[in-house]
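Visitor: fold the stuff below for me.
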Amino acid sequence: MEKIYTKNAPDAIGPYSQAVVVNGLVFTSGQIAINTASGNVEAATIEAQTEQVCTNLKNVLEASGSSLEKAVKTVCFLKDMNDFAAFNAVYGKYFTEKPARSCVAVKQLPKDVLVEVEVIAEV
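Guide: Next comes the predicted model:
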C-alpha cells in the first residue's frame, strides 16, 4: 500500500486528507471545501464548495498518478439534498466520464461544509 500526500496537505491534516494506492486503484478519503493554501473553508455556496472539493480531488488523484477521468466510483455526501441540482451541475464539469455514483444526505459534515466527496479511481 502506498500513501499519497500532496504539497499542500502533507500528512493527515484533518478532513482534507489523502489517499492510498492498492492493487492499481487509488482510494481518496472524503474531500471537503478546504482551500489548501489557507487551510480554511472559504467558499459559502454549494457551487463554490463543490468547485473546491473537485479541485482538491483532482490534486490528490494527480499526486497518485491517476486523474478524474479514471474515476470508477464516487460517493457524495450533501448536507441538504435540495442542493443536488446545483452540486450536480458543477460535479458534471469535472467528472465527465460519469463514474458510478451514490449521493446521500447527511446531518453534518466536517467543518459544517455543504458537500464531501470520496473517489475510487484506476491508477
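Visitor: going by C-alpha atoms from here, please, whenever you check contacts or count neighbours.
Guide: Will do.
Visitor: pLDDT below threshold where in the chain?
Guide: 5, 7-17 (pLDDT under 70).
Visitor: what comes into contact with stretch 44-59?
Guide: Here stretch 44-59 makes contact (CA atoms under 8 Å, 6 or more residues apart in numbering) with 6, 28, 31-36, 43, 67-68, 83, 86-87, 90-91, 94, 113-117, 119.
Visitor: repeat that with 7 Å
Guide: The contact list for stretch 44-59, computed with CA atoms under 7 Å, 6 or more residues apart in numbering, reads 31-35, 43, 67-68, 83, 86-87, 90-91, 94, 114-115.
Visitor: over to the closest residue to I32 other than its chain neighbours. Which of the three states is it?
Guide: Nearest non-adjacent residue to I32, counting by CA to CA, 6 or more residues apart in numbering: E116, 4.8 Å away. Assigned state for E116: strand (three-state reduction, DSSP: H, G, I helix; E, B strand; the rest coil).
Visitor: which ones are touching E116?
Guide: Counting by CA under 7 Å, 6+ apart, E116 has contacts G30, Q31, I32, C76, F77, L78.
Visitor: which of those residues lies closest to A63?
Guide: Q31 (14.4 Å; CA to CA).
Visitor: show me where this protein has its helices.
Guide: 46-63, 84-94 (DSSP state H).
Visitor: how about CSV for the ones you listed, with distance to Q108 and mean neighbour count added?
Guide: Output for the helices of the chain, formatted as CSV (distance: least, CA to CA, whole Å; neighbours: other CA atoms under 10 Å):
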stretch, distance to Q108, mean neighbour count
helix 46-63, 14, 22
helix 84-94, 16, 16
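Visitor: quick one: closest of these to V104.
Guide: Here helix 84-94 is closest among the helices of the chain (CA to CA), at 9.7 Å.
Visitor: quick check: angle from the closest one to helix 46-63?
Guide: Angle of helix 84-94 versus helix 46-63, following axes from the mean of the first three to the mean of the last three CA atoms, to 10 degrees, is 30 degrees.
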